[in-house]
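Colleague: sequence and predicted structure below; questions after.
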Amino acid sequence: MFPYERLRRRPDVEASNLFASDAADRLLADLAGDDVLEDGLVVIGDAYGALTLAAAARGARGIRVHQDPLTAERALDANADDLGLGGTYEHRPLDASLVAGARTVLLRLPRNLEALAEIAALTAEHADPRVVVHAGGMLKHMTPAMNGVLGEVFGDVRASLARQKARVLTARVPEPAAATALDRWPDRAFDAETGLHVCAYGAAFAGATVDIGTRLLLSVLGDAMPEAATAIDLGCGTGVLAAALATARPGLRVIATDQSAAAVASARATASANGVADRVTVVRDDGLAAQPDGSAELIVLNPPFHIGGAVHTGIAHRMFADAGRVLAPGGELWTVWNSHLGYRPALERAVGPTRQVARNPKFTVTASQRR
């Protein structure tokens, strides 16, 4: 039996209530069975390597893997080395090269239906006509709408019995013509309030809209270090903040960084759509790991307050620490956060003196100055 207990989450946040595998991973592996030994195995959404490495331990080779978070890729690599399974898979972007000719796809169901629709359409359009997709998740994160999304591009979708609060949807009979007609990513929309075009691939947070926290931060962004020559949009998502800064300040150079592959692709598309691609550099990175100490005058941040399906502030605290390191003395971190999270003391510790800039019934905007 595969040693799921040996998997770790590093370099992602590790905590007693956060796990590297769950019952959905085990159910997927069991139901897929020897299908994983077919040529052309593809794994999508594997959190920390449970699906990929269980298949590799069974004998699968040449596995093509797509994981949206960079930390997930690095965790898979570290776990593979620990288990002696390096070289059994390769990382691929979410494009036709990932699923071309695939006979079996193991998919951890994303909670975002747009992300599922993008994956389903891509698979139905480019995989082998005999492809079987095993898509699993925990019941608390699954909805009947997921069956419908798969059913738009597959002729046969069936649900397994539940086991340990997990279930698998199995999809067969791809319909490439329907998939081609539905392929619309990145989505594009114009936000009249900000005057910005927003582009989003399926897994990007908030899609082609401006979320309400970002909107509050945008309303005061003109006051954020107006003389700054360099700025970073940390955890940039679709790149709305980066595009807003670059549009409003023609002399500003902006770095937009996110660990999500979908976010990075979306931010590049947003910068291009707003005519600022020449001044916005988009980087896929684990926080600000690639940025030198004391190099930024302004950092803007709308941090996540969950990790996967778990509410957890660990990522936000790591982002605060990164900002404190990368800001130049006197530089500022402008952050919007859910008021009930009470981040001000953490910002004071990680960055420096913090003042409230704006507040509404749900969100607070603060400015923290680097000591």
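Modeller: Arrived safely, thanks for sending. Numbering: from 1, shown residues only.
Colleague: show the contacting residues for the closest residue to L109 other than its chain neighbours.
Modeller: In this structure, L109 finds its nearest non-sequential neighbour in G137, 3.7 Å apart by C-beta to C-beta, 6 or more residues apart in numbering. Using the backbone N, CA and C atoms, a C-beta is placed for each residue, glycine as well. Residues in contact with G137, defined by C-beta atoms under 8 Å, 6 or more residues apart in numbering, are A24, R108, L109, A166, R167.
Colleague: so is the last one in a helix, a strand, or just coil?
Modeller: Looking back up the chat, that one is R167. strand (DSSP: H, G, I helix; E, B strand; the rest coil).
Colleague: in this structure it contacts K140, no?
Modeller: No: R167 is beyond contact range of K140, at 10.6 Å (criterion: C-beta atoms under 8 Å).
Colleague: the more surrounded of those two?
Modeller: Just comparing R167 and K140: by other C-beta atoms under 10 Å the higher neighbour count belongs to R167, 22 against 8.
Colleague: ok, that one - contacts?
Modeller: R167 makes contact with A24, L27, G136, G137, L139, M142, A159, S160, L161, according to C-beta under 8 Å, 6+ apart.
Colleague: next helix or strand past the helix or strand bottoming out on mean pLDDT in the chain?
Modeller: Within the chain, no helix or strand scores below strand 310-311, which has a mean of 48 by mean pLDDT, DSSP states H and E. Downstream of strand 310-311, the next assigned helix or strand under DSSP states H and E is helix 314-326.
Colleague: export that following helix as CSV, just CAs?
Modeller: Taking C-alpha atoms only, helix 314-326 is exported to CSV below (Å, rounded to 0.1, in the frame of the first residue of the first chain):
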residue,chain,number,x,y,z
GLY,A,314,-0.6,31.1,7.5
ILE,A,315,-0.1,32.3,3.9
ALA,A,316,-0.9,35.9,4.8
HIS,A,317,1.7,35.9,7.6
ARG,A,318,4.3,34.6,5.2
MET,A,319,3.4,37.4,2.8
PHE,A,320,3.8,40.0,5.5
ALA,A,321,7.2,38.7,6.4
ASP,A,322,8.3,38.7,2.7
ALA,A,323,7.1,42.3,2.4
GLY,A,324,9.0,43.3,5.5
ARG,A,325,12.2,41.9,3.9
VAL,A,326,11.8,43.3,0.4
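Colleague: let me know the closest of the contacts of R167 to R344.
Modeller: Closest approach to R344 among the contacts of R167 (C-beta to C-beta): G137, at 35.8 Å.
Colleague: which strands border whichever helix or strand that closest one is part of, and is each parallel or antiparallel?
Modeller: Element membership for G137, per DSSP H and E: strand 132-138. Sheet pairing of strand 132-138 (DSSP bridges) gives strand 104-108 (parallel), strand 166-174 (antiparallel).
Colleague: how about those strands, which one is nearest K362?
Modeller: strand 104-108 (30.2 Å).
Colleague: kindly format the C-alpha coordinates of the closest one as CSV.
Modeller: Presented in CSV, the C-alpha positions along strand 104-108 are these (Å, rounded to 0.1, in the frame of the first residue of the first chain):
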residue,chain,number,x,y,z
THR,A,104,-6.5,8.4,-18.3
VAL,A,105,-6.9,11.6,-16.3
LEU,A,106,-6.9,11.8,-12.6
LEU,A,107,-8.3,15.1,-11.4
ARG,A,108,-8.8,16.7,-8.0
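Colleague: buried stuff in that strand?
Modeller: T104, V105, L106, L107, R108 (16 or more other C-beta atoms under 10 Å).
Colleague: please apply the same query to stretch 60-78.
Modeller: For stretch 60-78, the neighbour count (16+ other C-beta under 10 Å) marks 60, 63-76, 78 as buried.
Colleague: phi, psi for the residue nearest the centre of the chain please.
Modeller: By C-alpha atoms, centre = their mean, the chain has its centre lying nearest to S260, at 3.7 Å. Dihedral pair for S260: phi -80, psi 130, per degrees, to the nearest 10.
Colleague: now do R359
Modeller: Dihedral angles of R359 (phi, psi; degrees, to the nearest 10) stand at phi -160, psi 140.
Colleague: going forward, begin numbering at 51 instead of 1
Modeller: Yep, numbering from 51; the last one is R409 now.
Colleague: rewinding a little: partner residues bridging the residue nearest to L159?
Modeller: R217.
Colleague: pLDDT score assigned to it?
Modeller: G187 carries a pLDDT value of 97.
Colleague: for V181, see how far away it is.
Modeller: Counting by C-beta to C-beta, to the nearest Å, the gap from G187 to V181 is 19 Å.
Colleague: mind giving me TSV with the strands paired with strand 182-188 and columns for distance to Y251 and mean pLDDT?
Modeller: Output for the strands paired with strand 182-188, formatted as TSV (distance: least, C-beta to C-beta, whole Å; pLDDT from 0 to 100):
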stretch	distance to Y251	mean pLDDT
strand 154-158	16	98
strand 216-224	21	98
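Colleague: between these, which gets nearest to G402?
Modeller: Using C-beta to C-beta, the strands paired with strand 182-188 put strand 154-158 closest to G402, at 39.5 Å.
Colleague: any idea which helix or strand comes after that closest one?
Modeller: helix 163-176.
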